[in-house]
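K.L.:
generate a structure from the sequence data that follows.
(one chain, ligands or ions: 1)
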Amino acid sequence: MTRAKENAALAALDFVEDGMTLGLGSGSTAELFIEHLGERVAGGLKVQGVPTSEATAACARENGVPLIDIDRVSKIHLTIDGADEVDPMFTLIKGGGACLLREKIVAFASERMIVIVDDRKLVEQLGKFPLPVEVDPFGVALTAEQIYDALQRSGCKNGQTVLRQNADGTGPLITDGGHYIVDCKCEIIPAPGETAHMLERIPGVMEHGLFIDLSGIVIVGEEDHARVMELKRE
Ligand code: 5RP
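P.N.:
Below you'll find the model as predicted:
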C-alpha cells in the first residue's frame with residue numbers, strides 16, 4: 001500500500017511550480033509527498049510550506065522543505081493533503097491523524113487543494129471510517145451527546161461517539177491546538193452537507209472532519225501508477 005501512496009504523492013509533484021506557497025497536509029501520504037518535495041528543493045525548486053501539524057513541520061524540516069508561519073502568508077497557492085475517505089463528489093472524511101482543524105484552516109485558505117490517496121480510500125458513500133470531530137475539552141460529555149443527536153437527526157445510520165485516546169493509554173488524545181477528538185461511528189452519512197451544518201451549530205465543536213467542496217482534484221495511487229481525477233464544479 002505504501003507504493004500506491006507513493007505513486008499518488010509523486011504524481012502531485014507535477015502540480016507544484018517554482019515560487020509557490022504550499023499547504024502541507026498531514027498523515028503518511030502527505031509525508032511521502034514532503035519527502036519527494038524535499039528532493040526537488042535540494043535540486044533547486046523554490047517553494048515554502050505551511051504545515052498543518054507539528055508532525056508535518058518536523059517532517060518538512062527533516063527533508064529540507066522551507067516553512068513559513070501561516071500568519072506571514074498572504075496567499076496559499078496549493079495544498080496537498082491525504083484523506084481517510086473520498087466519495088464521488090470529492091467530499092472527504094479527514095482527521096484520522098487528529099489534524100483536521102489545522103488541515104481545514106489551510107485548505108479553506110488555499111486557492112486549490114489536491115487530495116492524494118491510495119485506491120482503498122474511494123467509497124460510494126461516506127461513513128465507514130469513523131468521522132472525527134475536534135471538540136473543546138470543556139463540557140466534552142455534553143458535546144458528545146449533542147454530536148450523537150446531530151448525527152441521528154441528519155440521517156446517519158449510527159452515530160456512536162468515542163473519545164479518542166492516546167495510543168499509550170495515558171488519557172485522551174490532545175490535538176496540536178489543545179482539543180479532543182470525538183470519533184463518530186456513523187456507518188453511513190447519507191447527507192454530508194446536512195450533517196456538517198448540524199455539527200457546526202454545536203458550540204463545543206471546533207471543527208468536523210467533513211471536507212465539502214474544498215478539492216477539485218483527487219490523485220489515486222495504485223501499485224504501479226496514479227490516476228488524476230478531476231471534478232468540474234459549476
Ligand atoms: C490527518 C488526515 C490524513 O490526511 C488522513 O488520516 C490520511 O492519512 P494517511 O495518508 O496516513 O492514510 O486527515 O488528520
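K.L.:
residues from the protein in reach of the ligand?
P.N.:
25-30, 81-84, 94-100, 103 (C-beta under 6 Å from any ligand atom). Where C-beta positions appear, they are placed from N, C-alpha and C, glycine not excepted.
K.L.:
ok, residue 185 - how many residues close by?
P.N.:
By the measure other C-beta atoms under 10 Å, the count of residues near residue 185 is 17.
K.L.:
pLDDT wise, what is it at?
P.N.:
On pLDDT, residue 185 comes in at 97.
K.L.:
give the contact list for it.
P.N.:
Neighbour list for residue 185: 130, 158-162 [criterion: C-beta atoms under 8 Å, 6 or more residues apart in numbering].
K.L.:
name the nearest residue to residue 87, sequence neighbours excluded.
P.N.:
residue 126 (5.2 Å; C-beta to C-beta, 6 or more residues apart in numbering).
K.L.:
where does pLDDT dip in this structure?
P.N.:
In the predicted model, the chain carries pLDDT under 70 at residues 234.
K.L.:
how does it divide into domains?
P.N.:
Domain ranges of the chain: 2-123+213-224, 131-208, per automatic domain parsing.
K.L.:
quick one: the helices in this structure?
P.N.:
Here the chain has its helices, by DSSP state H, at 2-12, 28-42, 54-62, 100-108, 140-153, 192-200.
K.L.:
just the buried positions in the third one, please.
P.N.:
When neighbours are counted by 16 or more other C-beta atoms under 10 Å, the buried residues of helix 54-62 are found to be 55-57, 59-60.
K.L.:
other SSEs contacting that helix?
P.N.:
Under the contact definition 3 or more C-beta pairs under 8 Å, 6 or more residues apart in numbering; DSSP states H and E, helix 54-62 sits against helix 28-42, strand 48-51.
K.L.:
pretty sure residue 206 contacts residue 134?
P.N.:
Yes. Between residue 206 and residue 134 there is a contact at 4.4 Å, judged by C-beta atoms under 8 Å.
K.L.:
are any of the residues of the chain next to the ligand buried, and if so which?
P.N.:
Buried by 16+ other C-beta under 10 Å: 25-27, 29-30, 81-84, 94-100, 103, out of the residues of the chain next to the ligand.
K.L.:
surely residue 202 touches residue 143?
P.N.:
Yes. Counting by C-beta under 8 Å, residue 202 touches residue 143, with 6.2 Å between them.
K.L.:
residue contacts, residue 215?
P.N.:
The contact partners of residue 215, by C-beta under 8 Å, 6+ apart, come to 90, 92, 107, 113-115.
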